[in-house]
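Novice: fold the stuff below for me.
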Amino acid sequence: MRSPDQRHLSTHSLRGVWGALILGAAIALTACGDTETEVNQAPTLTLDVGAQESYVIGDLIQIRASAEDPDSDPLTFSVQGLPERAELQTFPNSALLSWDPIASDVTGGEGKKLVFVVEDDRGGRSERVVHLNILAGNGTPSFASPSSKLFNPRSGQALTFEVKVRDDDSAQVFLSMPAETAPEGATFEQTDAKVGTFTWTPTVAQISQRVHSATFVAEDNQGAPVKQKVTIILQSSTGGDPGNNDPTSPTPGGSTCDDTQLITHAAPSAQRTVDDYELEAYLSPEGAQKYDQGMLFWSTINPMQYEVDMESIDMKVGAGLMRAGIPNLLLQEGEYEIVYYTICAFDSTADANADDTFVCAPANHYYSFVAHSPDTNYCADDSTSGTSFANAAEVSGTEWVDYLTCAGADDYHKVTVPAGELAEVYMTYSLTGAAGTQTLTHPMDITVYDEDQNPVELAEVSECSGIAYMLMQAPPTQASTWYIKVSPSGDSQTPYQLTAFHSEPDIEPPPVCEDDDTFGSTNRSTSDAPFIDDGEYTGLTVCGGESSADWYTNILAVGDQLFAELAVEQGADVSDIYFAAYGSTGGLRGVGAVEGDKLILELEATAEDFYYYIVEAPSETRYTLFFATY
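Specialist: Model (predicted):
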């Protein structure tokens with residue numbers, strides 16, 4: 001119905017109005033017709049390969065497809081002529097074909113024809129044709145396992161890993177490890193036609209050497225033997241190395257910054273792709289002159305919290321640039337994972353005992369980024385951090401907890417400290433930056449508030465590393481609460497880890513440890529270890545740290561069963577004490593396990609030998625030992 005004003009228009013004006021209305025209706029019908037008459041536009045399809053591609057047997061073929069639909073219709077991917085054993089994984093706007101061809105897949109002529117197809121749900125279709133030529137190659141064995149391993153020798157477990165080779169024209173490849181190329185005590189056994197297992201338990205003396213190596217040989221009786229050298233890096237049990245699970249291990253404030261940063265790396269933003277997660281790091285001019293090999297170790301399990309067997313990847317190193325790609329996790333819709341990693345550079349010509357044989361970054365924690373299902377655009381929220389002061393999440397005092405930021409949404413945490421106690425709060429995260437540049441930026445701002453929600457200057461943030469340190473101490477007669485607000489400073493989702501270490505403050509400087517126990521200072525090494533009989537030993541003291549470990553020894557005959565019990569009278573928590581047995585050649589024979597408030601060590605002697613027992617604590621500790629042999 002027309003308005004009253006329109007009723008008073010002249011006939012000439014009415015004709016103009018009706019003409020405009022009719023023309024507008026015609027245009028509307030043409031441009032905005034229902035879905036049945038609307039013209040559908042076909043999606044566009046892009047591949048990361050050309051129309052003709054050649055590969056050699058042994059190559060892992062991966063072809064990535066991406067598509068866009070002008071009408072934003074749902075898309076479906078398919079491949080005509082998909083090879084046997086090939087896998088096609090599809091996502092909303094992309095797809096990945098993976099194929100590992102074998103000798104019977106060798107082609108001739110025009111090669112194998114594949115037709116990649118994308119279709120929308122209204123019949124729109126596009127396709128691309130690719131001809132794959134699969135070449136036989138020379139059939140030489142090639143190692144398919146990493147050339148580096150990162151291992152914590154104090155885990156109580158042996159280092160074990162598989163060595164794998166590929167050789168498509170041989171049913172059997174003979175694998176070996178020359179004894180002179182491996183650490184003493186290491187063993188190697190071929191367990192399958194092209195697989196072998198390496199096993200090694202480092203001795204006390206071997207642990208003091210940070211870098212070891214083993215060389216493996218593959219022979220197919222057709223050509224010259226092929227060798228692979230695997231570098232083994234032993235993690236230290238004290239600060240300064242990735243994987244130290246002590247919550248106090250990150251160094252507070254700017255003291256983590258060295259005069260020269262040998263490795264510079266910016267963690268990537270959240271990943272939503274079918275490509276591998278590409279990483280690059282830069283060596284300083286000094287580092288580029290010294291280090292010629294790069295290694296990347298990664299896991300989806302938080303290594304700040306758990307003992308983790310990390311995956312290994314060799315990095316390409318050249319002109320000061322280090323590059324590697326973590327394999328895409330290809331997560332399903334709605335899924336995400338936090339990826340943790342460390343980057344190490346190694347001097348293959350240096351003495352294995354030299355302190356600067358290798359360097360790792362970051363020095364005190366791990367880099368991390370969040371990986372999403374391909375093509376997703378949501379921001380995963382951990383949902384465990386608070387969104388305001390009122391519902392701020394309590395910071396754990398027992399473990400490292402993962403959190404995720406989302407642009408425009410602040411996270412709130414709180415720390416409650418009992419009267420007379422203090423909390424040392426640590427937060428770790430990765431510095432970010434644009435691809436191809438060495439400039440690093442902090443992806444978040446950290447603000448600390450007192451219990452009245454007034455900002456206070458407590459957070460010490462490292463300038464060159466993602467570590468924040470906050471010391472919070474309550475008065476002697478009243479508990480106190482602090483709040484931590486984490487504000488993303490960019491539009492990229494960033495993971496971070498948070499923990500608090502609670503303790504009583506030192507009112508006075510601690511007294512110097514006087515090691516005046518039953519054995520005095522005569523049991524500081526295996527050569528000075530006192531001989532012990534079955535029975536109980538009280539009043540024992542260890543001053544703390546590796547340099548003051550206590551050693552004891554006895555002789556066990558074949559079949560003897562030993563039961564040993566360690567109880568703390570005063571000092572370190574029993575779970576922080578290392579109580580273990582070694583043979584005369586240094587091989588680990590057993591590690592004490594926590595049972596209630598004691599450490600229990602049990603073993604059965606497989607040979608008559610001297611056995612050595614070590615007690616190592618992080619701080620001055622008085623303890624009791626009980627030994628019984630059956």
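
Novice: and the strands in the stretch 51-200 of the chain?
Specialist: Applying DSSP state E, counting those that start in this stretch to the stretch 51-200 of the chain gives strands spanning 52-56, 61-68, 75-80, 87-91, 94-99, 112-120, 125-135, 142-143, 148-151, 159-166, 174-176, 187-192, 195-200.

Novice: what lines up beside the fifth one in the sheet?
Specialist: Just to be clear, that refers to strand 94-99. According to DSSP bridges, strand 94-99 forms sheet pairs with strand 61-68 (antiparallel), strand 87-91 (antiparallel).

Novice: re the thing from before, as CSV, the strands of the stretch 51-200 of the chain with mean neighbour count, distance to residue 580 and mean pLDDT would be great.
Specialist: Just so you know, the C-beta spots here come from the backbone N, C-alpha and C atoms, and that holds for glycine as well. Converted to CSV, the strands of the stretch 51-200 of the chain look like this (neighbours: other Cβ atoms under 10 Å; distance: least, Cβ to Cβ, whole Å; pLDDT from 0 to 100):
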stretch, mean neighbour count, distance to residue 580, mean pLDDT
strand 52-56, 14, 49, 92
strand 61-68, 18, 46, 96
strand 75-80, 18, 55, 97
strand 87-91, 17, 46, 96
strand 94-99, 21, 45, 97
strand 112-120, 19, 57, 97
strand 125-135, 17, 53, 95
strand 142-143, 17, 34, 92
strand 148-151, 23, 16, 90
strand 159-166, 18, 16, 94
strand 174-176, 19, 32, 97
strand 187-192, 14, 21, 97
strand 195-200, 19, 16, 97
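
Novice: start and end of stretch 165-179, how far apart?
Specialist: Distance across stretch 165-179, first residue to last, is 20 Å (Cα to Cα, to the nearest Å).

Novice: same deal with stretch 52-65?
Specialist: Stretch 52-65: ends 15 Å apart by Cα to Cα.

Novice: next one: stretch 167-183
Specialist: Rule used - Cα to Cα; the end-to-end distance of stretch 167-183 is 28 Å.

Novice: could you do stretch 181-191 as well?
Specialist: Counting by Cα to Cα, you get 20 Å between the two ends of stretch 181-191.

Novice: residues in contact with it: which ones?
Specialist: The contact list for stretch 181-191, computed with Cβ atoms under 8 Å, 6 or more residues apart in numbering, reads 162-163, 174-177, 196-203, 206, 212-216, 229, 232, 585-587.

Novice: which secondary element of this structure has the worst mean pLDDT?
Specialist: The helix or strand of the chain with the lowest confidence, counting by mean pLDDT, DSSP states H and E, is helix 4-7 at a mean of 35.

Novice: got a markdown table for the strands of the stretch 51-200 of the chain, with distance to residue 340 too?
Specialist: Below are the strands of the stretch 51-200 of the chain laid out as a markdown table (distance: least, Cβ to Cβ, whole Å):
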| stretch | distance to residue 340 |
| --- | --- |
| strand 52-56 | 33 |
| strand 61-68 | 24 |
| strand 75-80 | 32 |
| strand 87-91 | 24 |
| strand 94-99 | 24 |
| strand 112-120 | 35 |
| strand 125-135 | 36 |
| strand 142-143 | 26 |
| strand 148-151 | 12 |
| strand 159-166 | 19 |
| strand 174-176 | 31 |
| strand 187-192 | 30 |
| strand 195-200 | 24 |
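
Novice: to residue 474, which of the ones you listed lies closest?
Specialist: Among the strands of the stretch 51-200 of the chain, the nearest to residue 474 by Cβ to Cβ is strand 148-151 (39.4 Å).

Novice: that closest one: partners in the sheet, and parallel or antiparallel?
Specialist: Paired neighbours of strand 148-151 in the sheet (DSSP bridges): strand 226-234 (parallel).

Novice: list the buried residues of the strand it pairs with.
Specialist: By neighbour count on 16 or more other Cβ atoms under 10 Å, the buried set for strand 226-234 is 226, 228, 230, 231, 232, 233, 234.
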